[in-house]
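Engineer: I would like the atomic coordinates for the input below:
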Amino acid sequence: MSSEIVSKPPAPSQVGQDLHHPNCFACGVENPTTLHISSNFDEKSGEVKFIHVLDENQEGAPGHSHGGVLATLLDEAQGVLCHHLGHFVMTDNFYLKYHKATPLNTPLKVRAWLTSVRRRRLYTRGTIHLESGELLVEAKIRWYMIPDKILIRKFDVKSKTDNLPRMAQVLELNRNRNRELRHSLRKKK
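Structural biologist: Below is the predicted model of the structure:
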C-alpha cells in the first residue's frame, strides 16, 4: 500500500474495495480469477448499486449465466452494503429466487439495500434486473455481525493488512454515516 494512500485522512467508504481484502473472489484486485465487481454506495438511498456484464467465463446453460455466479453478485452487493454501513459480517442465511434465465454479455443492474437490524443480525435484499427493468433474480440475506475483536482474532486480520487502525477508523465513520442515513430515511417516511 502506498504511503500516499495511507496519509490521506480516513473517510467513509464509497466502493467495495475500500474495506475488502485484495484476494476476494468477487472483487479482489489481486485475484487473477476475480469477477471484477465494482460496486458503489449511494449515500442518498443507502443502497449499493452497480452494473455488471457476465461473459462466457461465467456461463451455465448455453448463452446464459451460471446460477452460482448470480448468487455471488448478490452476495457481494449485499455483503459490501453491510461494510458500507459499518459492519463486518458473515452470511447466516441466503435465500435466492431465480425468475428468468440471465443472458450473457448483457448489462445487469444489481441493487442491494438494508431491510432491518435485529440484535447481532442485519437483513438485506438484493435484485438483478435487465436495463429494461425486467427482474431476473432476487435475494434475501440474514447476516451475522462480527464483533471487531473476533474479526481480528479469528480471521488473522492483522497479518493480512498493514493498516488495521485505519480500517477501524473507516468502519467507525461508516457506522456514524449509517446512523445519520437511517435517521434521514425514517424522516422521509
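Engineer: any idea which helix is longest in this structure?
Structural biologist: helix 164-188 (DSSP state H).
Engineer: Can you name every helix or strand that that helix contacts?
Structural biologist: Using 3 or more Cβ pairs under 8 Å, 6 or more residues apart in numbering; DSSP states H and E as the contact criterion, the secondary-structure elements in contact with helix 164-188 are helix 67-84, helix 148-154, helix 157-160. Just so you know, the C-beta spots here come from the backbone N, C-alpha and C atoms, and that holds for glycine as well.
Engineer: Those helices: which one's closest to Arg142?
Structural biologist: For the helices and strands packed on helix 164-188, distance to Arg142 was read as Cβ to Cβ. The smallest value, 10.2 Å, belongs to helix 67-84.
Engineer: what mean pLDDT does the closest one have?
Structural biologist: The average pLDDT within helix 67-84 is 93.
Engineer: and it, how far from the chain's centre?
Structural biologist: Relative to the centre of its chain, helix 67-84 is centred 5 Å away, using Cα atoms, centre = their mean, to the nearest Å.
Engineer: what's near enough to touch the residue lying closest to Leu104 once chain neighbours are set aside?
Structural biologist: Residue nearest to Leu104 in three dimensions, not counting chain neighbours: Leu54, with 5.5 Å by Cβ to Cβ, 6 or more residues apart in numbering. With Cβ atoms under 8 Å, 6 or more residues apart in numbering as the criterion, the residues that contact Leu54 are 65, 69, 102, 104-106, 108.
Engineer: Understood, closing this out.
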